[in-house]
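J.: What follows is a protein structure lacking sequence information:
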């Protein structure tokens, strides 16, 4: 649209205006009539409103984050190089439990079996919908794991503000939080099993990476890559031929 407007302006005024506001100014310079002024006013108002709404919706979350950041008292985290480095080092205690949960979920719980269409399904009862879209096992395991080391972070940033035991636990924070998150998530999934496949394929093979042959699809699904269908048919014919022999 910008190219069309610029081309029309060049034909009408003899100059290519790539800036929308320069184009409006050129219209008013050449057509100072009530109709032209009204149209320019409406066009500029719509453009200004669209820009305002876009920036308001896009920047609302950063504003909320800015306000919530004061709760973290960042001036106490960066008042010295030592405290800042200590704070950066504590990231491992919060990030590694997430990695541990993901590793346990893929390798031990699902055994490498990911159903691709379910990744894009938002209906209740689908494997990755969990509880209203939230995997509570993962959240609870992560929160419990980092709860062990959070007091130690405070003690490391402000020596003497907390007991020695909490600081000693924080010294093992990376190993402790990671292993605890993995253990808690694995236990939670055993007590409260996760759904591996959709309900219509609940009895499908769940051995190690059983879906690697079809790249995460089932043969009876509507959305299946064409070459996968051909591969599946070829394998079935090969198996049938082998049984015939």
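T.: Sure thing, it's come through. Just so it is clear, the model here is predicted, and its values are computed rather than measured.

J.: now the residue of the chain positioned farthest from its centre: how far from residue 39?
T.: Centroid-distance maximum for the chain: residue 33 at 52.4 Å, with C-alpha atoms, centre = their mean. As for residue 33, its distance to residue 39 is 10 Å (criterion: C-beta to C-beta, to the nearest Å). Where you see a C-beta, it was placed from the backbone N, CA and C, and this is true even at glycine.

J.: same question, residue 10
T.: In terms of C-beta to C-beta, residue 10 sits 19 Å off from residue 39.

J.: what's stretch 147-161 in contact with?
T.: By C-beta atoms under 8 Å, 6 or more residues apart in numbering, the surrounding residues in contact with stretch 147-161 are 76-77, 83, 86-87, 90, 93, 162-163, 166-171, 173, 176-177, 180.

J.: Could you turn the buried ones of these into a PyMOL selection?
T.: Only the buried entries of the contacts of stretch 147-161 go into this PyMOL selection, using 16 or more other C-beta atoms under 10 Å:
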select buried, resi 86+87+90+93+162+166+167+169+170+173+176+177+180
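
J.: out of the contacts of stretch 147-161, which are inside helices?
T.: 76-77, 83, 86-87, 93, 166-171, 173, 176-177, 180 (DSSP state H).

J.: of the residues you listed, closest to residue 127?
T.: residue 180 (25.8 Å; C-beta to C-beta).

J.: For the chain, give me the ranges with low pLDDT.
T.: Under the criterion pLDDT under 70, the flagged ranges of the chain are 222-245.

J.: and it, what are its domains?
T.: The chain is divided into the following domains under automatic domain parsing: 2-72, 76-207, 214-245.

J.: Comparing the ones you listed, which comes out most buried?
T.: domain 76-207 (a mean of 16; mean count of other C-beta atoms under 10 Å).
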